[in-house]
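Q: Sharing a model prediction with you, sequence too.
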Amino acid sequence: MLYNPLISPPATLIYVTPHGSTSNQVLYVKSQAAENPDSGEKEGEFKVAIDQAISQDLEFTWWLVN
């Protein structure tokens, strides 16, 4: 899960790019939630997932577009 106060669904587009093999799994944005300025906590977040576990670490970069 990655936290960023600039996330504002559905206006925020999130692009993810894997670095290396994904073992034929598709990397995708599973969920996203907006920051709540009234709570005082960091809540803007998104979760990236694949459908099945793989045997190696999976590194990726991400880009937010508002």
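A: Alright, I've got the coordinates.
Q: what sits opposite the nearest residue in space to residue 20 that is not next to it in sequence in the beta ladder?
A: Counting by CB to CB, 6 or more residues apart in numbering, residue 59 is the residue found nearest to residue 20 once chain neighbours are left out, at 6.7 Å. In this view, the C-beta of every residue, glycine as well, is placed from N, C-alpha and C. Beta bridges link residue 59 to residue 19 when assigned by DSSP bridges.
Q: Do I have it right that residue 59 meets residue 19?
A: Yes - counting by CB atoms under 8 Å, residue 59 does reach residue 19; the two are 4.6 Å apart.
Q: Start and end of stretch 5-15, how far apart?
A: With CA to CA, to the nearest Å applied, stretch 5-15 spans 16 Å between its terminal residues.
Q: What residues sit buried inside it?
A: Across stretch 5-15, burial judged by 16 or more other CB atoms under 10 Å covers 7, 12, 14.
Q: OK, contacts around the first one?
A: Yep, that's residue 7 we're talking about. 14, 32-35, 44-46, 64 (CB atoms under 8 Å, 6 or more residues apart in numbering).
Q: hang on, the earlier thing: mind checking which of the buried residues of stretch 5-15 land in strands?
A: residue 14 (DSSP state E).
Q: what's the distance between the most far-flung residue of the chain relative to its centre and residue 31?
A: If you look at how far each residue of the chain sits from its centre, by CA atoms, centre = their mean, the farthest one is residue 38, at 23.0 Å. As judged by CB to CB, to the nearest Å, residue 38 and residue 31 stand 21 Å apart.
Q: Over to residue 66?
A: From residue 66 to residue 31 the distance is 18 Å (CB to CB).
Q: and what of residue 2?
A: From residue 2 to residue 31 the distance is 11 Å (CB to CB).
Q: between the two, what contacts are shared?
A: Joint contacts of residue 2 and residue 31 (CB under 8 Å, 6+ apart) are 46-47.
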